[in-house]
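> My questions concern the predicted model and sequence given below.
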2 protein chains.
Amino acid sequence: MECKADSPAREDVFERIFHPRNVAVIGVSARGNVFGTGIMNALAAIGFEGEIYPVNPKGGEIGGRKVFRSLEEIPGTVDFAIIAVPAERVPQALEECRLKGAAGAEILSSGFSELGTEEGNRLEQEIKNIVSRGIRVVGPNCFGIYCPRSGLTLLPGPDLSRQSGPVGFLSQSGGMSIDFAHIGKWMGIGFSKVVSFGNGADLRETELLEYFRDDPETQVIAVYLEGVDNGRAFLSMLKDVAARKPVVINKGGLSEAGSRAVESHTASLGGSSRIWEAVIRQCGAVQVGDLWEMAEACLAFSLLPPRAYENITVAGGGGALGVSACDTAEAFGLKLPMLDPGITEAILSVLPRPGSSARNPIDAANPFVGPDAYREIFLKAAEDPRIDLQVLVQLVYHYQSLSKAMGVVSVKDVVPYRELAQVSADVAARTGKPIVLVLPNIKQGAESMDIEDMNREMRDTFLGKGIPVYDDIKKALRAIGHVSRYYARRARTLR
Amino acid sequence: MECKADSPAREDVFERIFHPRNVAVIGVSARGNVFGTGIMNALAAIGFEGEIYPVNPKGGEIGGRKVFRSLEEIPGTVDFAIIAVPAERVPQALEECRLKGAAGAEILSSGFSELGTEEGNRLEQEIKNIVSRGIRVVGPNCFGIYCPRSGLTLLPGPDLSRQSGPVGFLSQSGGMSIDFAHIGKWMGIGFSKVVSFGNGADLRETELLEYFRDDPETQVIAVYLEGVDNGRAFLSMLKDVAARKPVVINKGGLSEAGSRAVESHTASLGGSSRIWEAVIRQCGAVQVGDLWEMAEACLAFSLLPPRAYENITVAGGGGALGVSACDTAEAFGLKLPMLDPGITEAILSVLPRPGSSARNPIDAANPFVGPDAYREIFLKAAEDPRIDLQVLVQLVYHYQSLSKAMGVVSVKDVVPYRELAQVSADVAARTGKPIVLVLPNIKQGAESMDIEDMNREMRDTFLGKGIPVYDDIKKALRAIGHVSRYYARRARTLR
């Protein structure tokens, strides 16, 4: 949709939508577990920065907040509204928002074109008609907007992070948006904005992509799509945006049955998988197979310096791990070059013998090789000018038996994870070659919660120093590979 | 190696190796953290069923056990020996075992052909010479044998399960063997035997595969290979074995750098990835990309009835999950057929509206849909004669906020997981169509250990009823796809 000449500048409209001074929540109820009350409580819980105005014709009070009988009754302007009333009452609510001068509204209600019924289609058309008279809409049939800076949150996201970050996510699916926001919280991905646009009666993929392109808070763009409204416009925009910022795309509904699911889910038309894959690649975007791969790629794009990583080292204990690392690396376009014999010898001098090897991968053989040895290993390996990045694999579970043998209470007391994080950060800064940590957990039994706990603390410690952490070597290398290929391509295109 | 006419029957030899009445551990020490003492303590900790005889020329006592100065000093016969002395002393120790009449020995020590040195090769040749005079050897440079029934365990495996099961695993890599044994323990995979054969100076892939083929305790065979000794013999054996029991193979070292890692790891020669993949497929074996995929496939082969599963349903809350389920299914050779309108209507009658859909995937829309509804859903969907198997996806984290809202202490008190497991088992038994559970965990933060704990208890509860559990829909469908294609192929071949 084009901005009309006499309408306010789009930046201003989006500013009022993402960082509203106040939000009207239409469809709260003192009784029952309704969506409106849920989102209102979520806004309060996450600490939304502006005013919250609950609206219900019955008036009264909910959770200590005065309930307004109508939009009109609210004093002053309303920047943004959240609509969660039954579908048939949505158009009227939206019209009231428009009359009140709201910049936009998110419509959480379902019961529109996704039903495939005449009534559903008619109601969605009514929304479009109101939009054309001057209000922007996210939804219907969506989970809304999450913006850590302002404290807007998704349904049901009372416990999402308030920490902003470089990743903007636009998602046709509400489930994907809330899942990704939760995954990002612990995986170490900070979000600028997440927009679940559902049926996309107004705002949807192409315009949101353009917004993220121009948004200075967004440096990495993630997209979950089931189908597009206007393929040509979208692809042209995608090509333009991907030349400036990495765009990571997951396209759902690429199978026959998937298309059927998409239809009932967000009323979109899918498309053949091969065509999509080829087209997305041609646009220079990064294609991923599922939400997990998307999150892992976004983490790497967020934390790794923006460049190609052709040659890497992999260091850790356990030889087969090294073997699988090598095999995996090549599949993702990365190489583990054989290190110079002088460097190999220098590394071997700090490793236990026999059993270790250091031609690359660097197999420390012993899981208890400590931070000082790894400092030497990293520094020596970084002397090879070909090496762009180093991967460290740590199997913390080995410390469990050590802590038991030593009569120590917790495995946290014997794993030198803080020192290892410090060494990794120091070496990465000194050499300019980033380090990535891999923490596989092969003991996930009910009796090994201590290892899970340890791994999570270790992950947070490394993330706190800007080091990406993965739980599997394959995932780590796949993510690094995405970053590397994206920047390699961009360098070629700009040349 | 062929059995000589005058040597004891191979079954008897293997019986004494896997279920020894006693084990001599050569290379224990009262001081220092040596491998020999480690494996002796591990045998004691796991509750090895036979006698343990520590051996060290210095004699004395370790952990309340008399240390024998030599093999000879041990009264009576010795069935099996574990050798963990420095490489140069291994041949003599092995020769003593042979003279004592041991059926076999595992050599944990490294420092042989994997070094690529003349000395290493010479020592390994000495081992082969002794083998030819009449003792079987596992190793050197390995982690040995794990046999839950007898209580033999890997280095360092004091806490592996004593529960036997259908899966036999033979691994060139020690790290892979201990990792797989640990993963199996919580993932629900029971082992008949695990053999880490390292450099494979005597027993290795082909003969062990034959042994597993004939072993009545082994129903599913898993193989981690880096290279084979005699390709022709191995492939001929593989074809023969795969026609009788599923063989799941992971081949490491298929890349250039991987081959190099393999060389330092187990002194094998790798091979081109394309050739291997084609050949393994032609043999009717199941090829997997890594250890995780191998474990997931073995779980499905262990718990699902042995047949092809062409058509499945996927049920759960969260529409995008359904979409990704469909897309993934087709990639693994499975279909989600559109259910009959009558069945769809019947299922919708027990689901919240609007938001839900039931054409397949079955999107319950609400994560709190309970066991009674799922019983109806499963029973109704099973009425479609095309459906072979049903997948249930549960996002337990939603109950976290519910438990908080209800003021309940633990999320375990609000998730009806026992009832859901009972319903799933009942329906699977009644319909003859197995159910597979998927438990994704999108909240893996340090503050959400309660969800991890809940998921693990839920997993154990379902596994206890013979229901396979995965943490990701893609992994579940990939594993089911492996089972399905294996049996479909076998049916075609036998026809």
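Now that the structure is in, tell me what you want to look at.

> who are the neighbours in contact with A:N360?
By Cβ atoms under 8 Å, 6 or more residues apart in numbering or on different chains, the contact set of A:N360 is A:313-314, A:336-339, A:344, A:381, B:257, B:260. Where you see a C-beta, it was placed from the backbone N, CA and C, and this is true even at glycine.

> Helices of the stretch 151-300 of chain A, residue ranges please.
Applying DSSP state H, counting those that start in this stretch to the stretch 151-300 of chain A gives helices spanning A:174-187, A:205-214, A:231-242, A:256-266, A:273-282, A:291-303.

> Settle this for me: A:R478 is touching A:F332, isn't it.
Yes: using Cβ atoms under 8 Å, A:R478 is in contact with A:F332, at 5.2 Å.

> Looking at these two now, which is surrounded by more residues?
Shown here are A:R478 and A:F332; by other Cβ atoms under 10 Å in any protein chain shown, A:R478 has more neighbours (23 against 16).

> Tell me the secondary structure at the more buried one.
Following DSSP: H, G, I helix; E, B strand; the rest coil, the label given to A:R478 is helix.

> Just list the residues touching it, thanks.
Taking Cβ under 8 Å, 6+ apart, we find A:R478 in contact with A:293, A:296-297, A:328, A:332.

> same check, this time on A:L43
Applying Cβ under 8 Å, 6+ apart to A:L43 gives the contacts A:23, A:25, A:52, A:151-153.

> Mind checking which of the contacts of A:N360 land in strands?
A:313-314 (DSSP state E).

> picking that back up, can I get the contacts of A:L43 in JSON lines with distance to B:S356?
Formatted as JSON lines, the contacts of A:L43 follow (distance: Cβ to Cβ, whole Å):
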{"residue": "A:V23", "distance to B:S356": "28"}
{"residue": "A:V25", "distance to B:S356": "24"}
{"residue": "A:I52", "distance to B:S356": "30"}
{"residue": "A:G151", "distance to B:S356": "31"}
{"residue": "A:L152", "distance to B:S356": "27"}
{"residue": "A:T153", "distance to B:S356": "24"}
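
> Go through the residues you listed and flag which are in strands.
Those of these mapping onto strands are A:23, A:25, A:52, per DSSP E.

> for the helix or strand containing A:N129, the distance to its chain's centre please.
For A:N129, the host element (DSSP states H and E) is helix A:118-132. With Cα atoms, centre = their mean, to the nearest Å as the basis, helix A:118-132 stands 31 Å off its chain's centre.

> Of the contacts of A:N360, which is the nearest to B:G165?
Each of the contacts of A:N360 was scored against B:G165 by Cβ to Cβ, and A:V314 proved nearest at 32.5 Å.

> Surely that closest one and A:L389 touch.
No: the criterion here is Cβ under 8 Å, and A:V314 misses it with A:L389 at 9.9 Å.

> So for the two, which sits in the more crowded spot?
Neighbours per residue (other Cβ under 10 Å) separate A:V314 from A:L389, with A:V314 holding more: 30 against 23.

> Who does the more buried one form a beta bridge with?
Counting by DSSP bridges, A:V314 is bridged to A:V391.

> Contact partners for it?
With contacts defined as Cβ under 8 Å, 6+ apart, A:V314 is in contact with A:322, A:325-326, A:329, A:336, A:360-362, A:390-391, A:393, A:473.

> Repeat the analysis, applying 10 Å as the threshold.
A:321-322, A:324-326, A:328-329, A:334, A:336, A:360-363, A:381, A:389-393, A:436, A:438, A:473, A:476-477, B:257, B:261 (Cβ atoms under 10 Å, 6 or more residues apart in numbering or on different chains).

> Is it possible to mark the buried ones in those?
Among the contacts of A:V314, the ones that count as buried by 16 or more other Cβ atoms under 10 Å in any protein chain shown are A:321-322, A:324-326, A:328-329, A:334, A:336, A:360-363, A:381, A:389-393, A:436, A:438, A:473, A:476-477, B:257, B:261.

> right, and A:C283 touches A:R232 too?
No: contact criterion Cβ atoms under 10 Å: A:C283 and A:R232 do not qualify, at 12.0 Å.

> Compare those two (neighbour count), which wins?
Each of A:C283 and A:R232 has its neighbours counted (other Cβ under 10 Å); A:C283 has more, 20 against 9.

> if we can go back for a sec, ok, and of the contacts of A:R478, which contact chain B?
With Cβ under 10 Å from any Cβ of the partner chain as the criterion, the members of these in contact with chain B are A:293, A:328.

> just to revisit the earlier point, list the contacts of the helix holding A:N129.
A:1, A:4, A:83, A:87-99, A:104-105, A:107, A:109-115, A:117, A:135, A:137, A:139-141, A:199-203, A:267, B:354.

> so how far is stretch A:214-223 off the chain centroid?
Counting by Cα atoms, centre = their mean, stretch A:214-223 comes out at 11 Å from the chain centroid.

> repeat for stretch A:453-463
Distance of stretch A:453-463 from its chain centroid, counting by Cα atoms, centre = their mean, is 19 Å.

> again with stretch A:47-59
29 Å.

> Which one of the ones in strands among the contacts of A:L43 is nearest to B:I275?
A:V23 (62.0 Å).

> isn't A:K335 right next to A:R386, touching?
Yes: taking Cβ under 10 Å as the definition, A:K335 is a contact partner of A:R386 at 8.5 Å.

> if we can go back for a sec, can you add mean pLDDT and give the helices of the stretch 151-300 of chain A back as JSON lines?
Output for the helices of the stretch 151-300 of chain A, formatted as JSON lines (pLDDT from 0 to 100):
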{"stretch": "helix A:174-187", "mean pLDDT": "94"}
{"stretch": "helix A:205-214", "mean pLDDT": "97"}
{"stretch": "helix A:231-242", "mean pLDDT": "94"}
{"stretch": "helix A:256-266", "mean pLDDT": "59"}
{"stretch": "helix A:273-282", "mean pLDDT": "81"}
{"stretch": "helix A:291-303", "mean pLDDT": "97"}
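
> Can I get these in a markdown table including distance to A:V223?
Output for the helices of the stretch 151-300 of chain A, formatted as a markdown table (distance: least, Cβ to Cβ, whole Å):
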| stretch | distance to A:V223 |
| --- | --- |
| helix A:174-187 | 10 |
| helix A:205-214 | 7 |
| helix A:231-242 | 8 |
| helix A:256-266 | 14 |
| helix A:273-282 | 10 |
| helix A:291-303 | 9 |
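
> Of those, which is nearest B:M40?
Proximity to B:M40 (Cβ to Cβ) singles out helix A:174-187 among these, at 40.7 Å.

> give the contact list for A:G50.
Taking Cβ under 10 Å, 6+ apart as the contact definition, A:G50 lies against A:19-23, A:43, A:79-80, A:150-152.

> follow-up on the earlier one: can you name the two of the contacts of A:N360 that are farthest apart?
By the measure Cβ to Cβ, A:A381 and B:R260 form the most distant pair in the contacts of A:N360, at 15.3 Å.

> so where's the stretch 51-200 of chain A uncertain?
For the stretch 51-200 of chain A, no stretch has pLDDT under 70.

> Leaving out chain neighbours, which residue sits closest to A:A103?
A:R16 (3.6 Å; Cβ to Cβ, 6 or more residues apart in numbering or on different chains).
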